[in-house]
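Visitor: Got a sequence here, can you model it:
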Amino acid sequence: MSEVPTGGALDGEAGDASNPGRHETAPERFDRNWAELLQEIRVSQMGTQIMTGFLLAAAFQDRIADLTDFQRTVYLSLVLLGVTTTALGLAPVALHRTLFRRRMKEQTVALGHTILRVVLAGVVLMLAGTAVLIFDLVLGTIPAVAAGATVLVAAAVFVVMTHRLAGPNPRRSARTGT
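Guide: Predicted structure coming up:
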């Protein structure tokens, strides 16, 4: 699991050779990290809410009675995943409200970061599951499983590429001596 930078020259303070243009105190960095995290939450929350809304509305369509047992299981799993992911997307805001003015911005950012990662994983699972449901309705189970697997593989490739682009985590290397 990646970590949120927490302090020292490794995080862009004066003397950080990898980021010489950023001169900010730890509280300023945590404020900036929180603002960036909130923006990411806004983006992910919009998509999650829209997908969940469509899933909830589908229950009121006539064709819902025609779903096979497999399709019904996938659909209900997606509804549960969508509602849970949407609720988790609100958690960092509740976290901030709870920890507001307690001088716990570092912990708020770290926990918010972790929650957002879980939300993004939920979004990927919702996308894959939605592909499975739609492909199963239109083409059958084998193409549905292939479509869901394709979404999951594409997401995994993106994550691997992102981690390779980012390079080694300097905080982890400093702790482990590698």
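
Visitor: Give me the below-cutoff pLDDT ranges for this protein.
Guide: 1-21, 169-178 (pLDDT under 70).

Visitor: Now do the helices in it.
Guide: 26-58, 69-99, 105-138, 141-166, 170-176 (DSSP state H).

Visitor: TSV please, covering those and showing mean neighbour count.
Guide: The C-beta positions use only the backbone N, C-alpha and C, and glycine is treated the same way. Output for the helices of the chain, formatted as TSV (neighbours: other CB atoms under 10 Å):
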stretch	mean neighbour count
helix 26-58	15
helix 69-99	16
helix 105-138	19
helix 141-166	13
helix 170-176	12
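
Visitor: Pick out the residue closest to the middle of this protein.
Guide: Central residue of the chain (CA atoms, centre = their mean): residue 120, 1.8 Å from the mean position.

Visitor: measure it to residue 147 for me?
Guide: To residue 147, residue 120 is 20 Å away according to CB to CB, to the nearest Å.

Visitor: cool, and residue 40?
Guide: 27 Å.

Visitor: And residue 74, by the same measure?
Guide: Look at residue 74 and residue 147: by CB to CB, they are 12 Å apart.

Visitor: Please enumerate the shared neighbours of these two.
Guide: residue 132 (CB atoms under 8 Å, 6 or more residues apart in numbering).

Visitor: Residue 128 contacts residue 148, correct?
Guide: Yes - contact criterion CB atoms under 8 Å: residue 128 and residue 148 qualify, at 4.4 Å.

Visitor: Run through the residues that contact the closest residue to residue 67 other than its chain neighbours.
Guide: Setting aside the residues directly before and after it, residue 67 is nearest to residue 75 in space (CB to CB, 6 or more residues apart in numbering), at 6.3 Å. For residue 75, the contact set (CB under 8 Å, 6+ apart) comprises 55, 58, 64, 67, 133.

Visitor: neighbours around the fourth one, how many?
Guide: If I follow you right, that is residue 67. For residue 67, the neighbour count with other CB atoms under 10 Å is 17.

Visitor: quick one, phi/psi of it?
Guide: phi -70, psi 140 (degrees, to the nearest 10).
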